[in-house]
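Participant: output the structure for:
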Amino acid sequence: MENNYSYIDENLKEINYRIGEAAAKYRKPDDVIRLMGVTKTVLPEAVNYAVSKGIKLLGENRVQEYQSKKELYDKSAEVHFIGHLQSNKVKYIIDSVTLIQSVDSLRLACEIDKLAENKGKIMNILCEVNIGGEQSKSGVMPDKLEELLYAVSELKHVRVNGLMTIPPPSDNEKFLSEMQQLYIDISNKKIHNINMNVLSMGMTGDYVSAIKYGSTLVRIGTGLFGARNYPKK
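Facilitator: Model (predicted):
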């Protein structure tokens, strides 16, 4: 197994170096930046190898794929759901993820709240923001975020921990900067039951820039596990 997945060692070394370099250049010494391994289409054996090398946070994009793999994962790793989530699929992940990053509507938040109450738990979430206003992407529009947060803050079994975004690849730094300012503005409002502890932004192509603009959690898939091997249709 070590030989099969040794490329992960090199990738992880490079990622950690670049995170450290960006943090030293742009951030305060005590800032914490978490590294998530994004596992879409990645074999469980490769995921577990990465966990054994220090990746303690995994990101899942697809409910069906996650269901087929979750029992095979090293249980020492924490799992977040980061993909688009339909309300009728919440029941399949509510027990096994520690945080849902992709909440973009009150309807979805209410379904999570209802199922979390049934389980006797509080579900941690992030609100996903469509910072570039792209029709092809999910996420609440920036000008509707505050309204959504105030509505979600009334729910008893959901706890907002921060914000998540996937900025457009063009004018990347512009949108990362706008997201940072939005995060700061919401933090300063100190909305009841809303914590701004997490700003999840930055992927393989832009995580250094995301760290520059305040990201506390970067989500790396291709950069860690290599090019995705999508199943043939």
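
Participant: so which bits of stretch 106-117 are buried?
Facilitator: Buried residues in stretch 106-117, counted by 16 or more other Cβ atoms under 10 Å: 106, 108-116. Heads up, the C-betas are built off the backbone N, CA and C, glycines and all.

Participant: nearest to His80 among these?
Facilitator: Closest approach to His80 among these (Cβ to Cβ): Ile112, at 13.4 Å.

Participant: so the closest one sits against Val97, correct?
Facilitator: No. Applying Cβ atoms under 8 Å, one finds Ile112 not in contact with Val97, separated by 10.6 Å.

Participant: quick one on the thing from earlier: any chance of the buried residues of stretch 106-117 in CSV, plus pLDDT and distance to Ser187?
Facilitator: Shown next, in CSV, are the buried residues of stretch 106-117 (pLDDT from 0 to 100; distance: Cβ to Cβ, whole Å):
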residue, pLDDT, distance to Ser187
Leu106, 98, 21
Leu108, 98, 23
Ala109, 98, 19
Cys110, 98, 24
Glu111, 98, 26
Ile112, 98, 22
Asp113, 98, 23
Lys114, 98, 28
Leu115, 98, 28
Ala116, 98, 24
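
Participant: possible to save the residues you listed as CSV with distance to Cys127?
Facilitator: Putting the buried residues of stretch 106-117 into CSV (distance: Cβ to Cβ, whole Å) gives the following:
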residue, distance to Cys127
Leu106, 10
Leu108, 10
Ala109, 8
Cys110, 14
Glu111, 15
Ile112, 12
Asp113, 14
Lys114, 18
Leu115, 18
Ala116, 16
